[in-house]
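*Asks:* using only what follows, build the 3D model:
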Amino acid sequence: MRFTYLLVFFTLLTIFSCSNQDIYFNYGSEINLKDEKIFASSIKGNYNISNIEGQIIDVCPKKGCWMNVKVDKDTVFVKFKDYAFFVPTTGVEGKKVYMTGDIFKDSISVERLRHYAEDANKPKSEILAIKTPEYMINMIADGVAIKEN
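*Replies:* Below you'll find the model as predicted:
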């Protein structure tokens, strides 16, 4: 009889502990994910949007002070407003991310590109091969929410 009660107890415990609720970790300003529809999954040249979602490609391995995010067919270079927060340096590549902030297209100087390459531990030959500035889609994020599961 006790065995039956224990079996029922552990079965119920297992059922209720296996929740399908998504878990997000917020960095910077709190992001409300109750209405995920407000997050654009594509930019398509529209730099007036302020909420986007994408997939993390890579992150600054030194401090987590920047990241590259794939948003549809675009790669967005994301920095964090006033360096007020950083994201984890490892373990977030490939995860879904929601961001809010200012999006714009701008050039990144050779000096800055080399700095980012150094941060990413690129080989010296690759760093020295950077000779022209790049035009990229940039974002200064106020807040970031990374999906954990």
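*Asks:* residues near Phe77, how many?
*Replies:* Burial of Phe77 is recorded as 17 neighbouring residues (other CB atoms under 10 Å). Placement of C-beta: from N, CA and C, glycine included.
*Asks:* relative to Arg114, how far out is it?
*Replies:* Counting by CB to CB, to the nearest Å, the gap from Phe77 to Arg114 is 15 Å.
*Asks:* and the residue nearest to Val87 when sequence neighbours are not counted, its phi and psi?
*Replies:* Here the nearest residue to Val87 in space, its sequence neighbours aside, is Gly64; by CB to CB, 6 or more residues apart in numbering that works out to 4.5 Å. Reported as degrees, to the nearest 10, the phi and psi values for Gly64 are phi 80, psi 30.
*Asks:* these two touch, right, Gly64 and Phe86?
*Replies:* Yes - if you go by CB atoms under 8 Å, Gly64 and Phe86 touch, sitting 3.8 Å apart.
*Asks:* how about the strands in the protein?
*Replies:* 24-28, 51-59, 66-71, 74-80, 96-108, 134-147 (DSSP state E).
*Asks:* residues touching the residue nearest to Val87, list them.
*Replies:* Going by CB atoms under 8 Å, 6 or more residues apart in numbering, Gly64 touches 86-89.
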